[in-house]
Structure formats: C-alpha cells, structure tokens
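Asks: Here is my input; please provide its structure:
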Amino acid sequence: MDGNPQHAENAVRSPLRPDAAQAAWCLTEAANEPFFTLVQRYVFPPFFVAALAAGSNADGAAIWGYVTSAAGLLVAIGAPLLGALIDSAGRRRPALIAVSLASMIASAVLWWAIPGSPLLLVALAAAIAITGAELLAVITNAWLPQVARSGRAGMLSGITFGLGQLAGIGSLVLVIAVSDELPTVLSQIPFAVERLAGPIAAVAMLIFLVPSFLFLRDIPKSPKAAGSPGSLATLWLMCREAAGDNRLARFYIGRAIGGDGMSLMFAFGAVLAGQLFGWKAGTLATFGVVVTVAAATGGFLSVVIDKWLGARRTVITGMAIVLAGSAALLSIGSAANAGVPFVTVNEKLFTAAALLIALGSGPAIAGMRALMAEIAPPDRVTAAFGLYAFSGRATNFIGPLVLGLIVSGTGSLRAGLLVALVFLLIGIGCFITLPADNRSKA
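Replies: This is a model prediction of the structure:
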C-alpha cells in the first residue's frame, strides 16, 4: 500500500477535484478495454486470420503475430520517450487528446477491412490503433499517484481494472446482440459484425474518456521541475535509476516478461479457440463475455487481496493462477463442431481454463500498476510509467515475433503459445525475489 509521503503531498497540492478526478480516472481503462476486447482478442483477430489473410501465402496467425509485434515495437520505443517528454513539458492533456484521436481514427478505419482489401493497409491501421491504445494507458496511468489519496492506489487500480472489464463485457454483449438480430441496414454487408469491432471500440473510447478531458488536469510544474533536464535526459536518468535500483530493475523485468506471457495468451486465445472448435464471431463474443466477467471479478477481488497481502504478493498470486490456467488450456485438444457451441467436453475444459487465466489476470495487472505507483520516483512519475509500458512491450514485440516464426515453421499455434508459459515462469520468479520495501506490505 502507498505510504509514500511525497505521493500524499502531491495529492494534496494537486488542482484536481479529488472525487471527480478519481471517478474520471477509474473510467480510463473502460475507454481502452472495448478495444482490447474486440480488436485484440475475441472478434477481429479470428476474422483477420480466417478471412482477411485467407488469400495470403503465409499463415494468418503468423501474420497477426507480426502485426502485434510491430505495434509492440512502436510502443516499446515510443512509450518511454512519450513519458519523459510529458514529464519534461509538464502537460499530459495534449498528449491524451492526440493519442486517443489517433487510436480512435485507426480503429474506425477497420470497418473498411474486407476480404480482398490490401492486407498491408489493414495491418497498418490495426498496428496504429493498438499502438495508440497502449500509449493512452501510459498517459492515464501516470495520473494515479495524483488522484489517489495515500494508501488508495491499490484500491483504485483494482476498481479501474474491474470497470474496464465491465466495459469490455458491454461491447461483447453489443456484438452478440447485433449478431443474433442483424439490422436490415447491415444484413447485406459482408462480415458486418466482425468489421464493427473497430468502430464500436472507437465510440467506447470517446465516451469513457470524456470525464478525463473534463476533470483530469495537468499539474503545474514547480520551479524545481521547470529547471529539470529535457525529456531525453529525464528518460536517461530514469533508465539509470532503474538499472541501479534492484527493486525497480526486478519490477520492470518481471513486468516485461511475465506481463507479456499474459498478453500472448489473451491475444491468441480466441484465435486458438476458433482453430480448435470452428467458433464464429457470435460464439467468440459469448466466450469473451464469460471470460471477461471472470477478469472483472479478479479485478475487484484484487482490492481485497491487495489489502491483505500487499501489491507484490497480489501480483505473484495472480500470475500463478494465470500460469496454471495457461498450462491447462494448451493441453486441450480440438473437438468436432457439434453445431451448438460449448457442448463438447473439450470446449467446456477450454472455457474453464480460460476463466482461470482471466481470474488471475485481475490481481496480476492491478497489482503491478499499484506497485508501480508506490515505487515510482515522485518527480518522474510519467517517465516511470513510460518505462512501465516499455517493460510491458520490451519483450512483447519479441513474443509475437517468436510465436509467428514458430507457427510459420510448425503450423501449430499451440506450439507457439508455449513461449507464454516460459515468460510467466520467469516473471513470477522476478516478483518472488523482489526486495521488500517499507512503503508496502510486499
């Protein structure tokens, strides 16, 4: 829990309206989650693999792996630079507006992704949208130490994660409703439900970011901050500080490798389900709702777990649950399409394993964000969260790349996903050996 007096001082001096700012910040993940749910996990990736890339000579799953790898590389390079630039300039709101607009526009463009359209342009739009959504999280996460009163970072992080999952559920329910009762205006449009994933994500991002535009304000720079080094110097200072601080170094490595193991499972779990069981958009959206409910439950439970165990043990507990679910999911074989989803034993086992992964992801992700808010240097919070995003993507662009190469060589997505198990084990080891700190129960 955050007992850092400097963080408490920042909260007191902040011009943010405390209650309104906390409520606005708690909706920031709800702005992003419909995108992650629809475009990165359950609806668009299987459509991309099965339909858009069908005319390509390469394996569709491998191509999608390269797309997410490219986006990850852009985030890995851009996130720490953006964070340092914002800290140096003292202004987050312009970056919030610019990055969110880029992601919304690129997401909306995915409506024009149809079989036969230039695959490179579709991949470019998807990569820009993913990059924007990830960078948006860098900016909004950096407000956490300022909106949270002392000791409330873990609670707010868990609530935010849970609300984000609820927004993801809402977007999936909308896809299911449209799939079941296709409006007349969409009935003659090929793959209308799958192509709606991007526009729905763009609209959700706009709606849930409105409170942030209204209530989250830039923090005036102090005279000391005004004379601080420029953005690149700030970034270099943050990197040197992380390298010289065993606690920060292990945190970033654990976040990088363990977090990327979770990302691989979320990014390709629905693709694997589509390959194993032949599930289509409506079924995949239903699967996504069930899984996302479990993730939301995990997010809200992390509030209690953090109070009992502290942020570090919350992360370890969550990642261990994700590891167990991932190992179980990858051991499940295919099943013949019975015409009705979720009726075969393998489909039920696959869903149960996915629920376990989702349940553990809540404490893992919320715990990492809360721990970052506790240990981030108070005068370089955005730079610290920029490195946080960098560490979340530093190996993630390698992970999808390795997965893509393995899938291209073996033709097996299951073989490629074994990389995720290795990443999770390494990440858990980093957090287990993370030095304790008197500011938390870790």
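Asks: residues touching Ala295, list them.
Replies: When contacts are counted by Cβ atoms under 8 Å, 6 or more residues apart in numbering, Ala295 touches Phe161, Gln165, Gly168, Ala358, Leu359, Ser361, Gly362. No exception for glycine: its C-beta is placed from N, CA and C like everyone else's.
Asks: And the residue nearest to the second one when sequence neighbours are not counted, how far from Leu101?
Replies: Distances taken as Cβ to Cβ, 6 or more residues apart in numbering put Ala296 closest to Gln165, at 3.3 Å, once the chain neighbours are dropped. Using Cβ to Cβ, to the nearest Å, Ala296 is found at 28 Å from Leu101.
Asks: One more: Arg41?
Replies: To Leu101, Arg41 is 23 Å away according to Cβ to Cβ.
Asks: Gln165 now?
Replies: From Gln165 to Leu101 the distance is 25 Å (Cβ to Cβ).
Asks: out of these two, which sits in the busier spot?
Replies: Gln165 (28 against 14; other Cβ atoms under 10 Å).
Asks: After the helix or strand of the chain with the lowest mean pLDDT, heading C-terminal, what element do we hit next?
Replies: The helix or strand of the chain with the poorest confidence is helix 5-13; it has a mean of 42 (mean pLDDT, DSSP states H and E). Using DSSP states H and E, the helix or strand that follows helix 5-13 towards the C-terminus is helix 18-26.
Asks: need the contact list for Val419.
Replies: Val419 makes contact with Gly261, Leu264, Gly399, Val402, Leu403, Ile406, according to Cβ under 8 Å, 6+ apart.
Asks: Next up, phi/psi of it, please.
Replies: The phi/psi pair for Val419 (degrees, to the nearest 10) reads phi -60, psi -40.
Asks: Would you quantify the distance from it to Ala320?
Replies: On the measure of Cβ to Cβ, Val419 and Ala320 end up 18 Å apart.
Asks: Likewise for Val303?
Replies: In this view, Val303 and Ala320 are 19 Å apart by Cβ to Cβ.
Asks: follow-up on the earlier one: could you dump the contacts of Ala295 to CSV with secondary structure?
Replies: Formatted as CSV, the contacts of Ala295 follow (DSSP: H, G, I helix; E, B strand; the rest coil):
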residue, secondary structure
Phe161, helix
Gln165, helix
Gly168, helix
Ala358, helix
Leu359, helix
Ser361, helix
Gly362, helix
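Asks: Spatially, which two of those are the most separated?
Replies: Across these, no pair lies farther apart than Gly168 and Leu359, at 14.6 Å, counting by Cβ to Cβ.
Asks: quick one, which of these two is more surrounded?
Replies: Higher neighbour count among Gly168 and Leu359: Gly168, with 30 against 22, using other Cβ under 10 Å.
Asks: So the more buried one is in contact with Phe36, correct?
Replies: Yes. In terms of Cβ atoms under 8 Å, Gly168 counts as a neighbour of Phe36; the distance is 7.0 Å.
Asks: Would you map the helices across the stretch 251-400 of the chain?
Replies: Taking DSSP state H, counting those that start in this stretch, the helices of the stretch 251-400 of the chain run over residues 281-309, 311-330, 345-375, 381-394, 398-410.
Asks: and the ones you listed, which is most packed in?
Replies: Most buried of the helices of the stretch 251-400 of the chain, by mean neighbour count (mean count of other Cβ atoms under 10 Å): helix 381-394, with a mean of 27.
Asks: Any chance of TSV for the contacts of Ala295, columns pLDDT and distance to Met372?
Replies: Putting the contacts of Ala295 into TSV (pLDDT from 0 to 100; distance: Cβ to Cβ, whole Å) gives the following:
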residue	pLDDT	distance to Met372
Phe161	79	14
Gln165	82	20
Gly168	89	22
Ala358	91	22
Leu359	93	22
Ser361	90	16
Gly362	86	16
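Asks: Nearest to Arg369 among those?
Replies: Closest to Arg369, out of all of the contacts of Ala295 and judged by Cβ to Cβ, is Phe161, at 7.9 Å.
Asks: Tell me how many other residues surround the closest one.
Replies: The burial count assigned to Phe161 is 30, neighbours taken as other Cβ under 10 Å.
Asks: From Ala54, how far out is it?
Replies: As judged by Cβ to Cβ, Phe161 and Ala54 stand 36 Å apart.
Asks: Check Gly158 too.
Replies: Per Cβ to Cβ, Gly158 is found 41 Å from Ala54.
Asks: now do Pro183
Replies: Distance of Pro183 to Ala54, given as Cβ to Cβ: 26 Å.
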